[in-house]
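**Student:** below are the sequence and a predicted model; questions follow.
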Amino acid sequence: MPAPDSYDAVIVGGGHNGLVAAAYLARAGQSVLVLERLATTGGAAVSTRPFDGVDARLSRYSYLVSLLPKKIVGDLGLDFAVRKRTVSSYTPTVRGGRATGLLVGGEGTRDSFAALTGSDREYEAWRRFYGMTRHVAERVFPTLTEPLPGRNALRERIDDPRAWRTLFEEPIGVAVEKNFTDDLVRGVVLTDALIGTFADAHDPSLLQNRCFLYHVVGGSTGDWDVPVGGMGALTDALARAAREAGAEIRVRHEATRIDTDGTRAEVTVRSPEGEQTVAARKVLVNASPQALAALLGDEPPAPAEGAQLKVNMLLTRLPRLRDRSVDPRAAFAGTFHIAEGYGQLADAYRDAAAGRLPAAPPSEIYCHSLTDPSILGPDLAARGYQTLTLFGLHTPARLFAADNAATRAELLAATLAQLDAHLEEPVTDCLARDGNGEPCIEAKTPLDLERDLRLPGGHIFHRDLAFPYATGSTGRWGVETAHANVLLCGAGAVRGGGVSGVPGHNAAMAALGR
């Protein structure tokens, strides 16, 4: 029997982190093989045309960029760009029987706070609070592509005891309630602690704090930017960079087993041509910790559970708002918050924790095409079509276990009803139609994401996020495993989650001994 093909590194999974690792290792002169079970690379960071016969290329799963360091883009020479959104967020509400809202971003922010709350107090509190998070971001974000700092070292680097206590030691709900008095403003602040995370504002685990931290440190500013050309533009650029550096990428090749003695590994691969084995000095796994354990035959980690609804829509026009003071093009350019007052978020969490769908499902929407119309075909763009991406909160996978399809339909209807409460017309009246005459809308539950992308429990971060500092079991880079020559380069690594490339970079550095 011939000896298996041998590489310096085999990378299991061609998502964006695996491609980052492949590009770095190949540029360092390593022989690299990337194995991807699907027909294309990219994983969850892809652009697709989900609606038959419609020339709209949507970021189907992940959709905004904040955590991707410019260092990675520069190191790998990526032809990739992002654009700033003109508005940070808009949150509609009703005050005194009148439709109004809070518009954050640009010169009108102070006036919008004053109109909503009747004074400058909340606006000044907002400025102080996010000045504090900006200070933390400027000190934490550069560490994400360095060896893990210790807890004390990170605290000293931040050099702000109040900020450290607020973000790392006490539930974020304490700071939200201490700094802000308006329920709507409190809710807007809290949402960053709940994206893809099922937790209460006062959860003693501080899971919500970890989520909040990663949402406010990106790029040292906390800005969430629009990927030009859609998220697939990033992974296409990464695949090109990896191939140009010499990495080999094989799609429809699924790794089914890893055997290792700590210095040499063999990976069993299933492909259309049959089963084969490839050898490597190191194996980097761009998959969940659960998948890693299954490949190695190790004890699986604790189960993960996602808690979000993801909806993609294509509209013939933006819907009109009941709040006539705001142009829909401004309201939807940023993050459009729905049913995300502080009390509403608490109620939704309690509903879901009790095993039922939230009575008023919270969610947030943004319109990619307002900032970057290149994802639309020329005809659609000329006719004023727009995309909407909705991300629903507090809908854990357990709620869909009995009947995923029926629960999905019920939740989608309830979520759109919460949006419609702030519109002059139902959003469904604005939906485009595909080539078969069907409305251009698709919804994905955690169970759908588990099926389509093998996200454990539909968890978009693969598992609960960790604070970005070393503990006794994290290793030097946060990517190490119990096997000396097997590294975790997916979102489940320490400092993973989101579209960042950070685990891929850090696994490559660990593999190179840097």
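**Tutor:** On my side now, so go ahead.
**Student:** count of neighbours near the spatially closest residue to Ser288 that is not a sequence neighbour?
**Tutor:** Closest residue to Ser288 apart from its sequence neighbours, by C-beta to C-beta, 6 or more residues apart in numbering: His462 at 4.2 Å. Glycine gets a C-beta too; all of them are placed from N, C-alpha and C. Per other C-beta atoms under 10 Å, the neighbour tally for His462 reads 27.
**Student:** is His462 in a helix, a strand, or coil?
**Tutor:** Put simply, His462 is coil when judged by DSSP: H, G, I helix; E, B strand; the rest coil.
**Student:** which residues touch it?
**Tutor:** 288-290, 304, 455-456, 490-492, 496-497 (C-beta atoms under 8 Å, 6 or more residues apart in numbering).
**Student:** and the pLDDT for it?
**Tutor:** Here, the pLDDT recorded for His462 equals 97.
**Student:** equivalent analysis for Gly108, please.
**Tutor:** So, for Gly108, pLDDT stands at 89.
**Student:** and for Lys178?
**Tutor:** 98.
**Student:** show me the strands in the stretch 51-200 of the chain, by range?
**Tutor:** Taking DSSP state E, counting those that start in this stretch, the strands of the stretch 51-200 of the chain run over residues 58-59, 82-83, 89-95, 98-104.
**Student:** actually the stretch 301-450 of the chain, sorry about that
**Tutor:** So, for the stretch 301-450 of the chain - with DSSP E, counting those that start in this stretch - the strands run 309-315, 335-338, 363-366, 386-392, 441-444.
**Student:** Ile172 touches Ser205, doesn't it?
**Tutor:** No: at 11.7 Å, Ile172 does not count as touching Ser205 under the criterion of C-beta atoms under 8 Å.
**Student:** and the two? Which one has more around it.
**Tutor:** The neighbour comparison of Ile172 against Ser205 (other C-beta under 10 Å) goes to Ile172, with 25 against 11.
**Student:** mind listing what that one touches?
**Tutor:** Applying C-beta under 8 Å, 6+ apart, the residues near Ile172 are 166, 190, 193, 201, 206, 208-209, 212.
**Student:** go again using 10 Å as the cut-off
**Tutor:** Listed by C-beta atoms under 10 Å, 6 or more residues apart in numbering, the contact partners of Ile172 are 166, 189-190, 192-194, 199, 201-203, 206, 208-213.
**Student:** buried ones among those residues?
**Tutor:** Buried members of the contacts of Ile172, counted by 16 or more other C-beta atoms under 10 Å: 166, 189-190, 192-194, 199, 201, 203, 206, 208-213.
**Student:** which one among those residues gets closest to Asp379?
**Tutor:** Asp192 (36.9 Å; C-beta to C-beta).
**Student:** that closest one contacts Ala201, doesn't it?
**Tutor:** No: look at Asp192 against Ala201 with C-beta atoms under 10 Å: they stay out of range, at 11.6 Å.
**Student:** need the overlap of contacts for these two.
**Tutor:** What both Asp192 and Ala201 touch, as defined by C-beta under 10 Å, 6+ apart, is the set 172, 208, 212.
**Student:** against Val176, how distant is the last one?
**Tutor:** Spelled out, it's Phe212. 10 Å (C-beta to C-beta, to the nearest Å).
**Student:** overlap in contacts, the two.
**Tutor:** By C-beta under 10 Å, 6+ apart, the residues touching both Phe212 and Val176 are 166, 189-190, 193, 201.
**Student:** pick the one among those closest to Leu370.
**Tutor:** Val189 (24.0 Å).
**Student:** who touches the nearest residue to that closest one once chain neighbours are set aside in this structure?
**Tutor:** Of all residues not flanking Val189 in the chain, Val176 sits nearest, at 5.3 Å (C-beta to C-beta, 6+ apart). Val176 makes contact with 129, 166, 185-190, 193, 201-202, 212, 342 under the criterion C-beta under 10 Å, 6+ apart.
**Student:** what of Gly458?
**Tutor:** Residues counted as contacts of Gly458 (C-beta under 10 Å, 6+ apart) are 196, 304-310, 395-397, 400, 444-452.
**Student:** buried subset of those residues as a ChimeraX selection?
**Tutor:** The following ChimeraX line selects those of these that are buried, judged by 16+ other C-beta under 10 Å:
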select :196,304,305,306,307,308,309,310,395,396,397,400,444,445,446,447,448,449,450
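**Student:** sorry, back to before: most widely separated two among the contacts of His462?
**Tutor:** Of all pairs in those, the most separated under C-beta to C-beta is Gln290 and Gly497 at 15.4 Å.
**Student:** neighbour count for the two, which is higher?
**Tutor:** Gly497 (28 against 21).
**Student:** got phi/psi on the more buried one?
**Tutor:** Main-chain torsions, Gly497, degrees, to the nearest 10: phi 90, psi 140.
**Student:** what's around the residue lying closest to it once chain neighbours are set aside, how many residues?
**Tutor:** Closest residue to Gly497 apart from its sequence neighbours, by C-beta to C-beta, 6+ apart: Phe461 at 3.8 Å. The number of residues packed near Phe461 is 24, by other C-beta under 10 Å.
**Student:** ok, longest strand in the chain?
**Tutor:** strand 274-285 (DSSP state E).
**Student:** other SSEs contacting that strand?
**Tutor:** strand 5-12, helix 16-27, strand 32-36, strand 254-260, strand 265-271, helix 289-296, strand 486-488, helix 502-511 (3 or more C-beta pairs under 10 Å, 6 or more residues apart in numbering; DSSP states H and E).
**Student:** can you redo the ones you listed as a markdown table with distance to Arg57 and mean pLDDT?
**Tutor:** As requested, those are exported to a markdown table (distance: least, C-beta to C-beta, whole Å; pLDDT from 0 to 100):
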| stretch | distance to Arg57 | mean pLDDT |
| --- | --- | --- |
| strand 5-12 | 26 | 96 |
| helix 16-27 | 17 | 98 |
| strand 32-36 | 20 | 98 |
| strand 254-260 | 26 | 98 |
| strand 265-271 | 28 | 98 |
| helix 289-296 | 28 | 97 |
| strand 486-488 | 31 | 98 |
| helix 502-511 | 24 | 98 |
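**Student:** looking at those, which is closest to Ala421?
**Tutor:** helix 16-27 (36.5 Å).
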